[in-house]
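A.B. asks: here are the coordinates; sequence isn't available:
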């Protein structure tokens, strides 16, 4: 059995309504869970970039990427292994103000390069950026203090190899 | 058409006149050369119908009796003409009723443009009367879809829709237009779409791949071709024939590829797949080079993939990069328009013969003939067989008819035994297997090719799924011939129950109405055959009829389609009984 691994899928698209539905349908019909997803502008004007994180076999991701690319409003779709991308996630934690001067928390924040972004009388908010595992660790450590809220972004990634997307656009 | 074009030209140059979105829709169709539309009106698309009424001398609208019928009719029209079929439906249930036809067109690569009315844009998302999110619903089964909320978008989006539907690997496109956009005015200016930056209709040809393929073919001792509908869609029938005749390669068709090469061509070794012919299935696992042309290795073709042509080098001529290596790993993928790639490879392949290899096909055909076909054509049992009916139709039509088959046992008999001389003569629902497809598809096919004989071959189950389209025949006088092969069973499911479920016939027994009376109720001349002695005369009468005609043939109840590759078995383990 071929092993499953993480793949970062970058999809460059036109900026049209309903595209998310069309892309997610392709993962859905093959029963693939999307671990995370982000959408934003890309380096090219008027071109949007979807970044999906999936954990599947390479045989399967190849087929999925071709089926994504086949969609009319997709300019290009690429997949990369974790080794081929520089990736980050962001997370935010909301805690009760009673822990604000708690040394244990202070230490954890230093360790994980997290910082406080807001402080009020009732609560304070911590933000951190890093690998998924880093955020997982901080989450585990802060959880005992009763998280009022927790949220994390999907993976965003820059690929080490060159993206062929600009050339594709020129060719067209 | 010409006058209208002039009219539009004049408008363009002299002064821009504002027209309604609804009128713009009709003008777009005229610009695209559409003369025939299938559909069903309703609240949200009334403005478009009102405009159609004004243009009725230029565009003929066929009122089907159900929106699903409209899609299948448009598919039948598209399949026999190569043109794009157009469907109109209203919002809500009208739109959801076309989804089956759209899914069928998607999986069988049929060009359709479906235009649905939608509630006012101010009501979108409010669960308004007859509102459904048809763009959301149809996304996974359309090549492209779009919702128009402003009249000014209509010309550009419809131009795109027609371009996308027909170009490259064809498919269905849905355009949803809100009612306010139909009323709103716009300055109409139409420009045909020729390019979309994010869409590459036809992949660039890589000449090195063509050379690699030619080398493999020239070295092959036992080459074998499986062709699909791509040959027809790519209008490459002549190139294909020239290619196989030069290389002398035995060639088999998928169900959808039928009629691209005449059935009786000496190199046509039949059909592959679950109920295909014995020789091409068995020898798939003995060839040394398998050349797939415009086909997609559907599971009904390959059987168990782990034992499919493992000994062979695989060459795949394909227009859609997503099909390469999807099911079968290829050694050489020749991407591009098959008409061009075949033209190129013809120059590179050696003229040769494969006499001994071809004899292997003949030998296996003899076995299939003795064990299966002979008894179908000249049955020893009292009951009529589906095979003998198809064979008789061949005799009466001399292979000149368009055969539109539904889904089930009769479909496999039609695909196996119908004799085709001309291309675009077999219309069937292959990928989706949509029961109820044939009657409306035959209506569309006859309208697309009014000078050709069109015979719908349908089972008693599928017939009742779209039987209401007899009303369309009544209203349009379209001269479709209908043959219902009635075994009072959902025959294919019953066959599986017999073979794999110990004959537990769960919900496959059909209590049927008097089909002849029903046809007569729609003023269609009708006849029923229960006895072999009347069959030939009945088919002759049907074929010679100038108008629509209904013929019910009562078939042996528990007859099976053989050969058969059971699910999960290898193509070479095909059963003859």
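C.D. replies: Received it, and whenever you're ready, just let me know what you need. Worth saying up front: this structure is predicted, and the values here are computed from it rather than measured. Numbers count the residues shown, from 1 in each chain, chains lettered A, B, ... in the order given.
A.B. asks: rest of the way, CA atoms for contacts and neighbours
C.D. replies: OK.
A.B. asks: tell me the contacts of the residue nearest the centre of chain A?
C.D. replies: Geometric centre of chain A, nearest residue: residue A:155, 1.4 Å, by Cα atoms, centre = their mean. Going by Cα atoms under 8 Å, 6 or more residues apart in numbering or on different chains, residue A:155 touches A:36-38, A:51-53, A:87-89.
A.B. asks: So which of these sit within strands?
C.D. replies: Among these, the ones falling in strands (DSSP state E) are A:36-38, A:51-53, A:87-89.
A.B. asks: So what touches stretch B:98-110?
C.D. replies: Residues outside stretch B:98-110 that contact it (Cα under 8 Å, 6+ apart) are B:67-68, B:70-72, B:75, B:78-79, B:84, B:89, B:111-112, B:138, B:141-143, B:169-172, B:429-434.
A.B. asks: From those, which land in helices?
C.D. replies: Using DSSP state H, the members of these that fall within helices are B:67-68, B:70-72, B:75, B:78-79, B:138.
A.B. asks: Arrange those in TSV, one row each, with distance to chain A, neighbour count and pLDDT as further columns.
C.D. replies: Below are the ones in helices among the contacts of stretch B:98-110 laid out as TSV (distance: Cα to the nearest Cα, whole Å; neighbours: other Cα atoms under 10 Å in any protein chain shown; pLDDT from 0 to 100):
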residue	distance to chain A	neighbour count	pLDDT
B:67	24	27	98
B:68	23	28	98
B:70	25	33	98
B:71	22	36	98
B:72	24	33	98
B:75	21	38	98
B:78	21	25	98
B:79	23	28	98
B:138	10	23	98
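A.B. asks: Which two of those have the greatest separation?
C.D. replies: B:79 and B:138 (21.3 Å; Cα to Cα).
A.B. asks: residues from chain B in reach of chain A?
C.D. replies: B:136, B:139-140, B:143-144, B:197-199, B:321-322, B:325-326 (Cα under 8 Å from any Cα of the partner chain).
A.B. asks: Any of those residues buried? List them.
C.D. replies: Neighbour counting with 16 or more other Cα atoms under 10 Å in any protein chain shown marks B:139-140, B:143-144, B:198-199, B:321-322, B:325-326 as buried within the residues of chain B next to chain A.
A.B. asks: Would you mark the buried spots in stretch A:147-164?
C.D. replies: Within stretch A:147-164, judged by 16+ other Cα under 10 Å, the buried ones are A:152, A:154-159.
A.B. asks: just to revisit the earlier point, adding distance to residue B:366, write the ones in helices among the contacts of stretch B:98-110 out as TSV.
C.D. replies: Shown next, in TSV, are the ones in helices among the contacts of stretch B:98-110 (distance: Cα to Cα, whole Å):
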residue	distance to residue B:366
B:67	46
B:68	42
B:70	43
B:71	41
B:72	38
B:75	37
B:78	37
B:79	33
B:138	47
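A.B. asks: Grab the nearest non-local neighbour of residue B:47.
C.D. replies: Leaving aside its chain neighbours, residue B:47 sits nearest to residue B:22 (5.6 Å; criterion: Cα to Cα, 6 or more residues apart in numbering or on different chains).
A.B. asks: my bad, residue A:9
C.D. replies: Residue A:9 sits nearest to residue A:79 (Cα to Cα, 6+ apart), 4.4 Å away.
A.B. asks: Retrieve the pLDDT associated with that neighbour.
C.D. replies: Listed pLDDT for residue A:79 reads 97.
A.B. asks: swap in the one 5 residues further on?
C.D. replies: In the predicted model, residue A:84 carries a pLDDT score of 96.
A.B. asks: Tell me which of the buried ones among the residues of chain B next to chain A fall in strands.
C.D. replies: Using DSSP E, those in strands are residue B:144.
A.B. asks: need the buried ones among the residues of chain B next to chain A in CSV with distance to residue B:352, can you?
C.D. replies: Listed next are those as CSV, based on distance: Cα to Cα, whole Å:
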residue, distance to residue B:352
B:139, 48
B:140, 46
B:143, 41
B:144, 44
B:198, 43
B:199, 40
B:321, 31
B:322, 33
B:325, 29
B:326, 32
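A.B. asks: taking the mean pLDDT, what do you get for the helix or strand containing residue A:133?
C.D. replies: Counting by DSSP states H and E, the element that carries residue A:133 is helix A:132-142. Averaging pLDDT along helix A:132-142 gives 91.
A.B. asks: what's the answer for stretch A:59-76, then?
C.D. replies: pLDDT averaged over stretch A:59-76 gives 97.
A.B. asks: for stretch A:33-45, same thing?
C.D. replies: Rounded mean pLDDT across stretch A:33-45 is 94.
A.B. asks: can you check stretch B:298-306 too?
C.D. replies: 97.
A.B. asks: Check stretch B:205-223 too.
C.D. replies: Stretch B:205-223 comes out at a mean pLDDT of 98.
A.B. asks: circling back: may I see the contacts of residue A:155 arranged in JSON lines, with neighbour count and distance to chain B as well?
C.D. replies: JSON lines is the format used below for the contacts of residue A:155 (neighbours: other Cα atoms under 10 Å in any protein chain shown; distance: Cα to the nearest Cα, whole Å):
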{"residue": "A:36", "neighbour count": "16", "distance to chain B": "21"}
{"residue": "A:37", "neighbour count": "17", "distance to chain B": "19"}
{"residue": "A:38", "neighbour count": "15", "distance to chain B": "20"}
{"residue": "A:51", "neighbour count": "24", "distance to chain B": "18"}
{"residue": "A:52", "neighbour count": "22", "distance to chain B": "19"}
{"residue": "A:53", "neighbour count": "24", "distance to chain B": "21"}
{"residue": "A:87", "neighbour count": "16", "distance to chain B": "27"}
{"residue": "A:88", "neighbour count": "17", "distance to chain B": "28"}
{"residue": "A:89", "neighbour count": "19", "distance to chain B": "29"}
